[in-house]
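Enquirer: quick one: sequence and predicted model below, then my questions.
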Amino acid sequence: MGASHLILAIETSCDETAAAVVSDDYRVLSSVVASQASLHAQWGGVVPEVASREHVTAITATVAAALSEAAVLPGSVKAIAVTAGPGLPGCLAVGVATAKALALAWHRPLVAVNHLEGHLFSAELDGADVTYPAVFLLVSGGHCMLVHAPQRGTYEVLGATRDDSVGEAYDKVARELGLGYPGGPILDRLAGTGTDTYALPRPMLGAGYDFSFSGLKTAVRRTIERGDVDVPDLAASFAAACMDVLLGKLKRAVEDLSPHSAVVVGGVAASPILRERLRTELGHRTQIRLPDLRYATDNAAMIGAAGWWRFEQSGPSPEGFGVRAHLPLG
Ligand code: KG4
Ligand code: ZN
């Protein structure tokens, strides 16, 4: 493949050091993710200072692996894309500094990418196609929001969480149940083996497009404190409450806006429970799009696709761009 069609992407916004090589038609030539999860497990959550130091340790080997797996020589990329925000500032700084150094050494343009827009592009990798107008449900550890995109690259945030994200609630409930860290995927797997028998609240289900998950988390804690819980059943009840809210709001957005497709992205989009319910409950109303499992959680391939889009729309980012911990979408 010609050098003019490849972008090198770098992602370090949280606890995954990631690099990827992506072509201009969003095909992934390589996607390397070095997870720090086992390191943070001892504290039961991401420790920002530890995470940024670990990025420094892992970043060069991760970039080198992405280039060699794609069989691409260092200089034969057209541009470099990097996550500039939102995320942990010290973590973002490692990726941005690395990308700037490579851009300088290789004389290549640099594209600053919004991590949230990266997640939205995760469903368009490797030949998958999102048809617009689209409604996106972004459900990750750091974010929970509903977004209307009348066309690719144009966003209107319909609603977002007022407290915890759904992934955060999964992780906290998993910790209460002693399931370890990161607990979201473990809790979700356990939920698949239980039955929805505990009556848990469906917070804000009837009210607009905003979300709230902290009350649900507290309700689970109270149930645990009462003692003698059936863990798989409680996990199933919690998952059912989360999914009722997520799918209820997504369904309403599809009814209100009649998009061509409904797209669910972010770490929680890896949930088999969510994927199954989405297809059965919404599949007849609109086209359903989901990222490949390996692109649901944080990765650099999605940053590469969003990077191509931004580069083609508006060219390189200004040289002096820095990290933006609270960068909004759009
Ligand atoms: O997108 P992501 O990797 O990071 C952020 O940008 O935040 O999402 C990570 C989140 C974690 O909270 C994790 O517990 C959750 O996604 N997650 C899951 C599953 N896999 C990851 N939650 C429910 N079910 C899963 N299978
Ligand atoms: Zn993310």
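Expert: Alright, I've got the coordinates. Ligands and ions are numbered 1, 2, ... in the order given.
Enquirer: quote the end-to-end distance of stretch 138-148.
Expert: Using CA to CA, to the nearest Å, one end of stretch 138-148 lies 11 Å from the other.
Enquirer: ok, now stretch 195-209?
Expert: Taking CA to CA as the measure, stretch 195-209 stretches 28 Å from start to finish.
Enquirer: how about it: buried residues?
Expert: 196, 198, 200, 203, 204, 209 (16 or more other CB atoms under 10 Å). All C-beta atoms are positioned from the backbone trio N, CA, C, and that covers glycine.
Enquirer: and the next helix or strand past the helix or strand of the chain with the lowest mean pLDDT?
Expert: In the chain, no helix or strand scores lower on mean pLDDT, DSSP states H and E than helix 37-40, which sits at a mean of 88. On the C-terminal side of helix 37-40, the closest following helix or strand by DSSP states H and E is helix 48-69.
Enquirer: hmm, that following helix touching ligand 1?
Expert: No - Helix 48-69 lies out of reach of ligand 1 by CB under 6 Å from any ligand atom, never closer than 12.3 Å.
Enquirer: ok, stretch 171-190 next?
Expert: Yes - Stretch 171-190 lies in contact with ligand 1 when judged by CB under 6 Å from any ligand atom; the contacting residues are 171, 182, 184, 185, 188.
Enquirer: can you list contacts of that stretch?
Expert: Counting by CB atoms under 8 Å, 6 or more residues apart in numbering, stretch 171-190 makes contact with 37, 40-41, 44-45, 141, 164, 167, 170, 217, 220-221, 224, 231-232, 234-236, 238-239, 267-268, 270-273, all of which sit outside it.
Enquirer: what about residue 114, neighbour count?
Expert: 21 (other CB atoms under 10 Å).
Enquirer: burial of the nearest residue to it once chain neighbours are set aside, as a residue count?
Expert: Using CB to CB, 6 or more residues apart in numbering and skipping residues adjacent in sequence, the residue nearest residue 114 is residue 327, 5.5 Å away. The burial metric for residue 327, expressed as a neighbour count using other CB under 10 Å, is 19.
Enquirer: repeat that for residue 16.
Expert: Residues lying near residue 16 (other CB under 10 Å) number 21.
Enquirer: again, but for residue 284
Expert: With neighbours defined by other CB under 10 Å, the count for residue 284 comes to 8.
Enquirer: cool, and residue 227?
Expert: By other CB under 10 Å, the residues close to residue 227 number 6.
Enquirer: circling back to that earlier point, list only buried entries from the contacts of stretch 171-190.
Expert: Burial of these was assessed by neighbour count (16+ other CB under 10 Å); the buried members are 40, 141, 164, 167, 170, 217, 220, 224, 231-232, 234-236, 238-239, 267-268, 270-271, 273.
Enquirer: ok so, going back, got a PyMOL select line for the buried ones in the residues of stretch 171-190 next to ligand 1?
Expert: If you want just the buried ones from the residues of stretch 171-190 next to ligand 1 in PyMOL, going by 16+ other CB under 10 Å, the selection is:
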select buried, resi 171+182+184+185+188
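Enquirer: which one of the residues of stretch 171-190 next to ligand 1 is nearest residue 27?
Expert: Closest approach to residue 27 among these (CB to CB): residue 185, at 27.0 Å.
Enquirer: my guess is that closest one is in a helix, correct?
Expert: Yes - Residue 185 sits within a helix when classified using DSSP: H, G, I helix; E, B strand; the rest coil.
Enquirer: what residues does the stretch 151-300 of the chain put near ligand 2?
Expert: Taking CB under 5 Å from the ion as the criterion, the neighbours of ligand 2 within the stretch 151-300 of the chain are residue 298.
Enquirer: residue of the stretch 151-300 of the chain closest to ligand 2, please.
Expert: With distances taken as CB to the ion, the stretch 151-300 of the chain approaches ligand 2 most closely at residue 298, which sits 4.4 Å away.
Enquirer: partner strands of the helix or strand encompassing residue 84, parallel or antiparallel?
Expert: Element membership of residue 84, judged by DSSP H and E, is strand 79-85. Paired with strand 79-85 in the same sheet, following DSSP bridges, are strand 6-11 (parallel), strand 110-114 (parallel).
Enquirer: C-terminal to the shortest one, what's the next element?
Expert: So that's strand 110-114. Following strand 110-114 in sequence order, the next helix or strand is helix 115-121 (DSSP H and E).
Enquirer: next SSE downstream of that next one?
Expert: The element immediately downstream of helix 115-121 (helix or strand, assigned by DSSP H and E) is strand 134-139.
Enquirer: okay, and residue 17 sits in which element?
Expert: Using DSSP H and E, residue 17 falls within strand 16-23.
Enquirer: fine by me, we can end here.
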